[in-house]
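**Student:** Turn this into a model:
(chains A and B)
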Number of protein chains: 2
Amino acid sequence: MRPTITAFANSPDRGRGLARDTRVRWALEEVGQPYDVRLRSFAELKEPAHLALNPFGQIPTWEDGEVTLFESGAIILRIAETHSGLLPSDAAARSRAIMWMFAAVNTVEPPIVDRTMVFLFEREEPWFEARLKAVEALCRRRLDQLSAWLGEKDWLDGAFSVGDLMMISVLQRLGSSGMVDDYPNLAAYVARGEARPAYQRAFAAQLAVFEAAQGGG
Amino acid sequence: MRPTITAFANSPDRGRGLARDTRVRWALEEVGQPYDVRLRSFAELKEPAHLALNPFGQIPTWEDGEVTLFESGAIILRIAETHSGLLPSDAAARSRAIMWMFAAVNTVEPPIVDRTMVFLFEREEPWFEARLKAVEALCRRRLDQLSAWLGEKDWLDGAFSVGDLMMISVLQRLGSSGMVDDYPNLAAYVARGEARPAYQRAFAAQLAVFEAAQGGG
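**Tutor:** Residues are numbered from 1 along each chain as shown, chains lettered A, B, ... in the order given. Below you'll find the model as predicted:
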């Protein structure tokens, strides 16, 4: 059965591919799985029909006829476990790929999301500059550590996996800050992910949604 | 082979069970897997021997002879996948249990950790009260949503699973704030987890480490 995901009808990132449906689209494109998209307005995210799919009122969600899921990490792991190409077959390498997914969402992403929140909600506060400096220091510590680990490798651990897909998706959220560019190996790593044909198709698909919304509005 | 985890030699939570080794110990106790613990001082976390296990310099780590891991989520999933008792056998229910792990670490935990950071690093700042109010509002939004989902159920989705283990472990980090107590069903949910014999053994094991460190210091 063709799975259905939800995505923003009018993404607040203005089509830059930073909403969390893009990483799910990317995983689906990597394994060659066609999918349908149900678009949600912000008002619809708070309605019972959506909260039944995700009690936290977020996108993306996932329906494949067997299971309904939310959380991009869980959805991507489901895609990887039911198709070949995103998880190594060796059991130890598979556990490490999943480890990098958790590292992306639980260790690297939190200060990066905080930085975005500071810009969104604390820009007019008297403490804006001090807070931004503190949260960017936390981001840099994670980038230092990740850069040291990556070294000259193409991917985090052997072949491209869900761990790389998730980590690159997280690093993209620093895009406009220029912080990733201070680490040439991390910038090359993100570019390597973005050059994959599957990513290109996923990016184009989410951008088409945003552009259609602009044309219609 | 008996696995080895790392934990703080002298936990900053003073034995309250909030460091992330406790959730791994809990998973090991649930499945009846004996384990060894290697204690690390804060200085040792920054040394090459530890960074080889976890490039982000955190505890816990995991070595089982087949694979070396970090990230409590990945370690707990590894334990659940190689033992019975923490993941449903039905494929759809299994995906949902993993979904709740990601929801715990990626949706519920970030504002809770932020609240701790505000207390640790912004207590003396002029903006402390305003920031605390903002971050507690974010915590409450997640608690509202989680409480609405849980309703009168004992566990998040059917039988106790890794999803509950992780979610309860995350909610415990709000312990001293009293915020969870404002939601009787969530307070009962946390108490239900803490009453499990496996949790009791895990808590006692981490407390014994802290008490030994105090006695020795």
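
**Student:** quick one: low-confidence parts of chain A?
**Tutor:** Along chain A, the model assigns pLDDT under 70 to residues A:216-217.

**Student:** what sits up against the lengthiest helix in it?
**Tutor:** Determined from DSSP state H, the single longest helix within chain A is helix A:128-150. For helix A:128-150, the external contacting residues (C-beta atoms under 8 Å, 6 or more residues apart in numbering or on different chains) are A:107-108, A:111-112, A:114-115, A:118-119, A:122, A:125, A:156, A:167, A:174, A:177, A:179-180, A:182-183, A:185-186, A:189, B:51, B:55-57, B:121, B:125, B:127, B:131. All C-beta spots, glycine's among them, are computed from the backbone N, C-alpha and C.

**Student:** go again using 6 Å as the cut-off
**Tutor:** Helix A:128-150 is touched from outside by A:108, A:111-112, A:114-115, A:118, A:122, A:183, A:185-186, B:55-56, with contacts defined as C-beta atoms under 6 Å, 6 or more residues apart in numbering or on different chains.

**Student:** Out of those, flag the one nearest to B:Met101.
**Tutor:** A:Val108 (17.3 Å; C-beta to C-beta).

**Student:** What parts of chain A come near chain B?
**Tutor:** Applying C-beta under 6 Å from any C-beta of the partner chain, one finds that chain A approaches chain B through A:55-56, A:66-67, A:69, A:71, A:73-74, A:78, A:92, A:95, A:98-99, A:102-103, A:105-107, A:110, A:127, A:145, A:149.

**Student:** quick revisit: from the chain's centre, how far out does the longest helix of chain A sit?
**Tutor:** Chain-centre distance of helix A:128-150: 19 Å, with C-alpha atoms, centre = their mean, to the nearest Å.

**Student:** what angle do it and helix B:128-150 make?
**Tutor:** Going by axes from the mean of the first three to the mean of the last three C-alpha atoms, to 10 degrees, helix A:128-150 is angled at 60 degrees with respect to helix B:128-150.

**Student:** buried sites along helix A:128-150?
**Tutor:** A:131-132, A:134-136, A:138-139, A:142-143, A:145-147, A:149-150 (16 or more other C-beta atoms under 10 Å in any protein chain shown).

**Student:** From the residues of chain A next to chain B, list the buried ones, please.
**Tutor:** A:55-56, A:67, A:69, A:71, A:73-74, A:78, A:95, A:98-99, A:102-103, A:105-107, A:110, A:127, A:145, A:149.

**Student:** if you look at the residues you listed, which of them are in strands?
**Tutor:** A:Leu69 (DSSP state E).

**Student:** Can you list which of the buried ones among the residues of chain A next to chain B are found in helices?
**Tutor:** Those of those mapping onto helices are A:73-74, A:78, A:95, A:98-99, A:102, A:110, A:145, A:149, per DSSP H.

**Student:** Which two among these are spaced furthest apart?
**Tutor:** The span of those, defined through C-beta to C-beta, is set by A:Arg78 and A:Gln145 at 28.8 Å.

**Student:** Out of the ones in helices among the buried ones among the residues of chain A next to chain B, which comes closest to A:Thr4?
**Tutor:** Nearest to A:Thr4 out of those is A:Arg78 (C-beta to C-beta; 13.3 Å).

**Student:** Against which helices or strands is the helix or strand that contains A:Ala198 packed?
**Tutor:** If you go by DSSP states H and E, A:Ala198 is part of helix A:197-216. Secondary-structure packing of helix A:197-216 (3 or more C-beta pairs under 6 Å, 6 or more residues apart in numbering or on different chains; DSSP states H and E): helix A:21-31.

**Student:** circling back to that earlier point, from the contacts of helix A:128-150, which single one is nearest B:Phe42?
**Tutor:** B:Phe56 (14.1 Å).

**Student:** so how far is B:Ala43 from the closest one?
**Tutor:** 16 Å (C-beta to C-beta, to the nearest Å).

**Student:** what's the next secondary structure element after whichever strand or helix holds A:Ala43?
**Tutor:** With secondary structure defined by DSSP H and E, A:Ala43 is part of helix A:42-45. For helix A:42-45, the following helix or strand on the C-terminal side (DSSP H and E) is helix A:48-51.

**Student:** Just the residues contacting that following helix, thanks.
**Tutor:** Under C-beta under 6 Å, 6+ apart, the answer for helix A:48-51 is A:Glu44.

**Student:** Give the buried residues for it.
**Tutor:** Neighbour-count burial for helix A:48-51 flags A:His50 (criterion: 16+ other C-beta under 10 Å).

**Student:** can you check stretch A:191-203 too?
**Tutor:** Buried positions in stretch A:191-203, judged by neighbour count with 16+ other C-beta under 10 Å: A:193, A:196, A:198-199, A:202-203.

**Student:** before we move on, what about stretch A:173-190?
**Tutor:** Buried residues in stretch A:173-190, defined by neighbour count with 16+ other C-beta under 10 Å: A:173-174, A:179-180, A:183, A:186-187, A:189-190.

**Student:** Same question for stretch A:72-83.
**Tutor:** Under the neighbour-count criterion of 16+ other C-beta under 10 Å, stretch A:72-83 has A:72-81 buried.

**Student:** A:Asn10 is in contact with A:Ala213, isn't it?
**Tutor:** Yes. With contact defined as C-beta atoms under 6 Å, A:Asn10 and A:Ala213 form a contacting pair (4.5 Å).

**Student:** And for the residue of chain A positioned farthest from its centre, nearest residue in space, chain neighbours not counted?
**Tutor:** What lies farthest from the middle of chain A is A:Pro126; by C-alpha atoms, centre = their mean that is 31.3 Å. Leaving aside its sequence neighbours, A:Pro126 sits nearest to B:Trp127 (C-beta to C-beta, 6 or more residues apart in numbering or on different chains; 7.1 Å).

**Student:** Thought A:Trp127 was touching that neighbour, still the case?
**Tutor:** Yes. At 4.0 Å, B:Trp127 and A:Trp127 qualify as touching, with contact defined as C-beta under 6 Å.

**Student:** and the residue nearest to A:Thr68 when sequence neighbours are not counted, how many neighbours?
**Tutor:** Once flanking residues are discounted, A:Thr68 sits nearest to A:Leu53: 6.0 Å by C-beta to C-beta, 6+ apart. Neighbour count of A:Leu53, defined by other C-beta atoms under 10 Å in any protein chain shown: 21.

**Student:** Just list what the host helix or strand of A:Gly163 packs against, helices and strands only.
**Tutor:** Element membership for A:Gly163, per DSSP H and E: helix A:162-172. Secondary-structure packing of helix A:162-172 (3+ C-beta pairs under 6 Å, 6+ apart): helix A:91-102, helix A:184-194.
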